[in-house]
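**Q** Turn this into a structure:
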Amino acid sequence: MNRLTAALSAIAVFGLMPGLAQADALVERGAYLANIMDCGGCHNTGAFTPEPNLKTPLSGSTIGFEMPGMGVFFPPNLTPDKATGLGDWTDDQVIAAFTKGERPDGRILAPVMPWMSYGHITPEDAKALVAYLRSLTPVEHQVPGPFGLEEKATAPYFTVKLPE
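**A** Just a heads-up that it's a prediction; the model follows:
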């Protein structure tokens with residue numbers, strides 16, 4: 001390899017390094033946010049059990065929440081799987097879900113998902129959280145439901161106690 005080729009290779013590699021470092025920092029920030037927002041507290045398979053599955057983080061729970069007067073809802077798969085997760089959602093659609101409670105199909109998320117609190121996240125942090133979700137290994141895992149008031153849930157669930 002001659003000196004010119006070596007120099008051009010070094011420029012190309014080191015020119016990309018700041019962009020890669022920024023992307024890594026964004027994913028790292030998103031992982032931090034997912035942790036403090038306790039996304040895995042609901043969205044991990046095995047959440048609410050003594051043995052949550054941490055090998056496939058945020059791939060959805062098989063234990064749901066009953067919201068009196070609304071139905072039973074299961075924390076969905078947040079991995080980038082196209083069939084059962086967020087793989088076909090745009091970044092803006094993911095952000096709208098956790099900040100406004102709006103799904104791409106127009107359905108409003110149940111209030112057990114604390115999107116009202118997450119709506120105060122900064123735009124930069126919202127992008128970081130999406131970058132982290134996109135970095136997860138796609139896991140094909142369809143969670144049960146949702147189940148309306150007249151439907152019987154096919155998996156275990158908790159009943160959310162609302163203040164009277």
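**Q** Is Gly87 in a helix, a strand, or coil?
**A** coil (DSSP: H, G, I helix; E, B strand; the rest coil).
**Q** and the closest residue to Thr56 other than its chain neighbours, what does it touch?
**A** Sequence neighbours aside, Val139 is the residue nearest to Thr56 in space, at 4.6 Å (criterion: CB to CB, 6 or more residues apart in numbering). All C-beta atoms are positioned from the backbone trio N, CA, C, and that covers glycine. By CB atoms under 8 Å, 6 or more residues apart in numbering, Val139 lies in contact with Thr56, Ser59, Asn77, Thr79, Asp81, Thr84, Gly85.
**Q** which SSE is Lys55 in?
**A** Using DSSP states H and E, Lys55 sits within no helix or strand.
**Q** Can you pull the phi/psi pair for it?
**A** phi -80, psi -30 (degrees, to the nearest 10).
**Q** Next one: it from Leu129, what distance?
**A** Separation of Lys55 from Leu129 (CB to CB, to the nearest Å): 21 Å.
**Q** what about the helices in the chain?
**A** 3-36, 40-43, 91-100, 115-118, 123-135 (DSSP state H).
**Q** what about this structure, any weak spots by pLDDT?
**A** 1-23, 162-164 (pLDDT under 70).
**Q** mind running it again at 80?
**A** 1-23, 160-164 (pLDDT under 80).
**Q** Now for the contacts of Val139: which two are most distant?
**A** Thr56 and Thr84 (11.7 Å; CB to CB).
**Q** overlap in contacts of the two?
**A** Common neighbours of Thr56 and Thr84 (CB under 8 Å, 6+ apart) are Val139, His141.
**Q** which residues does the residue nearest to the spatial centre of the chain contact?
**A** Most central in the chain under CA atoms, centre = their mean is Leu78, positioned 3.7 Å from the mean C-alpha point. Neighbour list for Leu78: Cys39, His43, Leu58, Ser59, Gly60, Gly85, Leu86, Leu133, Leu136 [criterion: CB under 8 Å, 6+ apart].
**Q** And for Met37?
**A** Per CB under 8 Å, 6+ apart, neighbours of Met37: Tyr118, Leu129.
**Q** Torsion angles phi and psi at it?
**A** Dihedral angles (degrees, to the nearest 10) for Met37: phi -80, psi 0.
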